[in-house]
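In: A structural model of the following input is requested.
(chains A and B)
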Amino acid sequence: MFERTGLLMNFYTADKALSEAADILYSLTGEELSSMIKFTPGDPKGDVVLPCFSLAKSRKKSPGVISGELANKVSFGSDSLFLKAESVGGYLNFFLNYEKFAEGVVGDFLLMKETYGSLSLGAGKKVVIDYSSPNIAKPFSIGHLRSTNIGASLRNILSFAGYEVIGDNHLGDWGTQFGKLIYAYINWGDREKIEKDPIKELLALYVKFHDEAGLLGDERPEKGNELEESARGYFKRLEEGDPEITALWKWIRDISLKDFQRVYDMLGVSFEEILGESFYNDKMQEIIDLAESCGILEKDTDGSELVRLDKFGIDTPLLLRKKDGASLYATRDLAALLYRERRWAPEKILYVVGEEQRLYFNQLFETANLLGFKSKCEHVSFGLMTLPSEGKFSTRKGNVIFLEDVLKEAHDRVKAFLDGRDLDEEAKNNIADAVGIGAVKYNDLSQNRKKTVAFDWNKMLAMDGNSSPYLQYGYSRARAILRKANFDFSASWNTGVDLLDEERNLINKLSSFHMVVESASAQFYPHLLATWLFELTQIFTAFYTNVKVLASEEPYRQNRLMLIDFYSSVVKRGLALLGISVLEEM
RNA sequence: GCGGUCAUAGCUCAGUGGAUUAGAGCAACUGCCUUCUAAGCAGUGGGUCGGGGGUUCGAGUCCCUCUGGCCGCGCCA
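Out: Here you go, the predicted model:
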């Protein structure tokens, strides 16, 4: 399973004494054993444990008897990874032979260096990740942070796990919203003002439209609102290629895109492709035709066309064409799916989109099935970010927090923190960027994506405790030692040297890097990695505090420096997977 | 109304296929900078894991139910 890294796992499967005993007594293979065994660092009863409870049922013996029998049968030689095994109430506890273990884990790092922890899990498999996907002409708000962050991080993690990843920014640059905007621009717009501050002016127009149309209240007005009708009319004209409307659309798209790029640059987020919805305008008829030929397209009495999904337990049909013939979100998504299949034939397509669109994606995926698409699609959902006072953000109402403003605020707060430090301006700005933006990202990525998040300045910009600065600080401290020691990065590990608890803990944790990469990439949960990195750094910091490395004697000194190099390399890589950069000094 | 999702310490959250004594961070309190960066470390207090049933030798974790929050439910994306 872990081909090159994960030596620890290999040791488990390869440990002869244990697998022989398990084979003789219970016909268990090494692989089965290695999947049952668990790491319990810090537990005085053992370093590794094999719970025998699941065996109890199939083997019809009590867990205690099984662990006892195994403990009696197994005897470890001097070359084994384990020293001894003890049976405690259904658990078989193992004590590691740390000399061997450390040699193996560090040896693995020396072999792999900066690729330590990478997997070949996804070798030969392609994954398309659809993330960020902001709407053109609307501000890049704090609400887009989650999709952008989570998606970008999954792109890195999956790539590290061996997948070929295509990050695709599916820009919302098509649809009725443009009809609204064009209506607003024609009636109330001022080109010069827009060129000066595009996003804010366009937002003002967008809000004015909804205000004039009476759409700002919680109650939706009765159907057939005049303004909305004319907005749909403008979109229809856009879709039909009306040159005047198209020129207007293109202008709005270009100036917005430039604005977005600024934010992406600040975030350090990039994509393999930026194919907006408009890209699929000439590819939608094929979807309609396909749906028709599959016999699933139904014409409603008012002329709209839809797919019914009742038999899948979804009583809301999926609309593919409006009554005026214009396309919808779903039409374009299906066209995008077809395009992606043809171009990349991906194993999987991930849609990093808010939880509130669950129903929609269920509809979309069922329809895609009916149309015969092969890719496995998955909605990687996340909870909404809300405002503590007003609840949901609403672009229509104009109560948005610009992501750019949050990032600037983050920068400024760090800068203020650095006040009085003996650093030049450039150094301060570098630190403020890495730490400020890192804090914002980490705050988002360190919790389970499914939870809703209430926007909170202080929490988002936290600088201590479980936060990005804490991790970056750990890295900087580690690097400071290596610098002062003039550490030879090609040095080798001294075997036969006894280890302190602090060193063992660090080795324990570092040995499990690939495991967290695996679970984060399998479940699309960046927070597993974030949490692990925090725990790793806590362990490193304890080591840092208690063990004076520069002052220690050889051969301890060289081994300790090597562990520091190991730690800093892993934390640097781990943070990079979260899209967070490190600093040599802070 | 129907469907989805969440509920763990005062606050914000971890808790990976059930398994040895439920963990962090923040906040509060007590200590620690002449020794590799105090954005740090050590310690103290703080939890009937929303309520109630069930499955199991064993449930924060699985099932049912109730309560509460958030989200969604055809021409928006």
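In: C-alpha from now on. contacts and neighbour counts both.
Out: Noted.
In: Whichever residue of the stretch 151-300 of chain A sits closest to RNA strand B and A:Glu425: what is the separation?
Out: RNA strand B sits closest to A:Gly175 of the stretch 151-300 of chain A, with a gap of 2.9 Å, by Cα to the nearest atom of the strand. Per Cα to Cα, to the nearest Å, A:Gly175 is found 45 Å from A:Glu425.
In: and if you look at A:Val74?
Out: For A:Val74, the distance to A:Glu425 equals 63 Å [Cα to Cα].
In: So for those two, which sits in the more crowded spot?
Out: Neighbours per residue (other Cα atoms under 10 Å) separate A:Val74 from A:Glu425, with A:Val74 holding more: 17 against 10.
In: State the distance from that one to A:Lys84.
Out: Where A:Lys84 is concerned, A:Val74 sits at a distance of 9 Å (Cα to Cα).
In: With A:Met284 instead?
Out: As judged by Cα to Cα, A:Met284 and A:Lys84 stand 66 Å apart.
In: and what of A:Ser19?
Out: Per Cα to Cα, A:Ser19 is found 14 Å from A:Lys84.
In: Of the two, which one has the most company?
Out: With neighbours defined as other Cα under 10 Å, A:Ser19 and A:Lys84 compare such that A:Ser19 has more, 23 against 17.
In: Near RNA strand B, which residues of the stretch 51-200 of chain A are found?
Out: Contact residues (Cα under 7 Å from any atom of the strand) of the stretch 51-200 of chain A with RNA strand B: A:51, A:53-54, A:56, A:88-89, A:91-93, A:135, A:172-177.
In: Swap in 10 Å and give it another go.
Out: Residues of the stretch 51-200 of chain A lying near RNA strand B by Cα under 10 Å from any atom of the strand: A:51-57, A:62-64, A:86-94, A:133-136, A:170-180.
In: Restricted to strands, list those residues.
Out: A:Pro51, A:Glu86, A:Ser87, A:Val88, A:Tyr91, A:Leu92, A:Asn93, A:Phe94 (DSSP state E).
In: In ChimeraX, how would I select the buried members of those residues?
Out: Only the buried entries of those go into this ChimeraX selection, using 16 or more other Cα atoms under 10 Å:
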select /A:51,86,87,91,92,93,94
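In: Can I get the ones in strands among the residues of the stretch 51-200 of chain A next to RNA strand B in JSON lines including distance to A:Ser270?
Out: Conversion of these to JSON lines gives the following (distance: Cα to Cα, whole Å):
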{"residue": "A:Pro51", "distance to A:Ser270": "44"}
{"residue": "A:Glu86", "distance to A:Ser270": "52"}
{"residue": "A:Ser87", "distance to A:Ser270": "52"}
{"residue": "A:Val88", "distance to A:Ser270": "52"}
{"residue": "A:Tyr91", "distance to A:Ser270": "48"}
{"residue": "A:Leu92", "distance to A:Ser270": "48"}
{"residue": "A:Asn93", "distance to A:Ser270": "47"}
{"residue": "A:Phe94", "distance to A:Ser270": "46"}
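In: of the ones in strands among the residues of the stretch 51-200 of chain A next to RNA strand B, closest to A:Asp242?
Out: A:Pro51 (69.4 Å; Cα to Cα).
In: Go ahead and confirm the closest one touches A:Ile37.
Out: Yes - counting by Cα atoms under 8 Å, A:Pro51 does reach A:Ile37; the two are 7.2 Å apart.
In: OK, contacts around the closest residue to A:Lys16 other than its chain neighbours?
Out: The shortest distance from A:Lys16 to any non-neighbouring residue, by Cα to Cα, 6 or more residues apart in numbering, is to A:Ser80 (7.9 Å). Contacts for A:Ser80 (Cα atoms under 8 Å, 6 or more residues apart in numbering) come out as A:Asp15, A:Lys16, A:Ala17, A:Asn97, A:Lys100.
In: what's the distance between the third one and RNA strand B?
Out: A:Ala17 is 19 Å from RNA strand B, where distance means Cα to the nearest atom of the strand, to the nearest Å.
In: Run a quick neighbour tally on that residue.
Out: A:Ala17 is flanked by 17 other residues according to other Cα under 10 Å.
In: check contacts around it.
Out: By Cα under 8 Å, 6+ apart, the contact set of A:Ala17 is A:Val74, A:Ser75, A:Phe76, A:Gly77, A:Ser80.
In: Just the pLDDT at the second one, thanks.
Out: It refers to A:Ser75. On pLDDT, A:Ser75 comes in at 82.
In: looking at it, it is touching A:Lys84, isn't it?
Out: Yes - A:Ser75 lies in contact with A:Lys84 (Cα under 8 Å); the separation is 7.2 Å.
In: Just the CA trace of stretch A:412-423, in PDB.
Out: Provided in PDB are the C-alpha atoms of stretch A:412-423 (Å, rounded to 0.1, in the frame of the first residue of the first chain):
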ATOM      1  CA  ASP A 412      -1.600  44.900   8.900                       C
ATOM      2  CA  ARG A 413      -2.100  43.100  12.100                       C
ATOM      3  CA  VAL A 414       1.000  41.100  11.800                       C
ATOM      4  CA  LYS A 415       2.900  44.200  10.800                       C
ATOM      5  CA  ALA A 416       1.700  45.900  14.000                       C
ATOM      6  CA  PHE A 417       2.800  42.900  16.000                       C
ATOM      7  CA  LEU A 418       6.300  43.300  14.500                       C
ATOM      8  CA  ASP A 419       6.500  46.900  15.600                       C
ATOM      9  CA  GLY A 420       9.700  47.600  17.300                       C
ATOM     10  CA  ARG A 421      11.500  44.500  16.000                       C
ATOM     11  CA  ASP A 422      14.900  45.000  14.500                       C
ATOM     12  CA  LEU A 423      13.900  44.200  10.900                       C
END
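In: Sketch out the strands for the stretch 51-200 of chain A, chain order is fine.
Out: Under the criterion DSSP state E, counting those that start in this stretch, strands of the stretch 51-200 of chain A are mapped to A:82-88, A:91-96, A:126-130, A:164-168.
In: can those strands go into JSON lines with extra columns for mean pLDDT and distance to A:Val547?
Out: Formatted as JSON lines, the strands of the stretch 51-200 of chain A follow (pLDDT from 0 to 100; distance: least, Cα to Cα, whole Å):
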{"stretch": "strand A:82-88", "mean pLDDT": "85", "distance to A:Val547": "26"}
{"stretch": "strand A:91-96", "mean pLDDT": "84", "distance to A:Val547": "22"}
{"stretch": "strand A:126-130", "mean pLDDT": "97", "distance to A:Val547": "44"}
{"stretch": "strand A:164-168", "mean pLDDT": "97", "distance to A:Val547": "41"}
